[in-house]
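K.L.:
Below is the sequence, then the predicted model.
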Amino acid sequence: MKIYYDREADALYIKLSNKKPEGVVEIEEGVNLDTTEEGKIVGIEILDASQKIDLQTILHYSLALSKEDLSSVVSNKSLQETNDSLSS
């Protein structure tokens, strides 16, 4: 997931997938879901974002991970560091 904010346009985009959007569903004025042909949500666009949400909340966040998820992340990072050192 990636979050983009354009201060000049006051537009926020939350990219949920690298899949190409094929359609748009308007939830309410200025709030749109980008969807694939299969109806999967790949992005969320919010226009006049500062008036609709607390930007401080969306632009500053933390992740809650279970011990299993954290172990997986650490294992993958260690594996990547090992691969990087071997290729150097």
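P.N.:
Okay, I see it.

K.L.:
which residues of this protein fall in strands?
P.N.:
2-6, 11-15, 23-28, 31-35, 41-47 (DSSP state E).

K.L.:
Using a markdown table, please lay out the ones you listed together with distance to Leu55 and mean pLDDT.
P.N.:
Where you see a C-beta, it was placed from the backbone N, CA and C, and this is true even at glycine. Shown next, in a markdown table, are these (distance: least, C-beta to C-beta, whole Å; pLDDT from 0 to 100):
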| stretch | distance to Leu55 | mean pLDDT |
| --- | --- | --- |
| strand 2-6 | 7 | 91 |
| strand 11-15 | 7 | 95 |
| strand 23-28 | 18 | 96 |
| strand 31-35 | 15 | 97 |
| strand 41-47 | 10 | 97 |
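
K.L.:
Next, format those strands as JSON lines and append distance to Ser72.
P.N.:
Output for the strands of the chain, formatted as JSON lines (distance: least, C-beta to C-beta, whole Å):
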{"stretch": "strand 2-6", "distance to Ser72": "21"}
{"stretch": "strand 11-15", "distance to Ser72": "23"}
{"stretch": "strand 23-28", "distance to Ser72": "33"}
{"stretch": "strand 31-35", "distance to Ser72": "29"}
{"stretch": "strand 41-47", "distance to Ser72": "24"}
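
K.L.:
mind putting the ones you listed in CSV, mean neighbour count included?
P.N.:
Listed next are the strands of the chain as CSV, based on neighbours: other C-beta atoms under 10 Å:
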stretch, mean neighbour count
strand 2-6, 12
strand 11-15, 18
strand 23-28, 10
strand 31-35, 19
strand 41-47, 18
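
K.L.:
Good, wrapping up.
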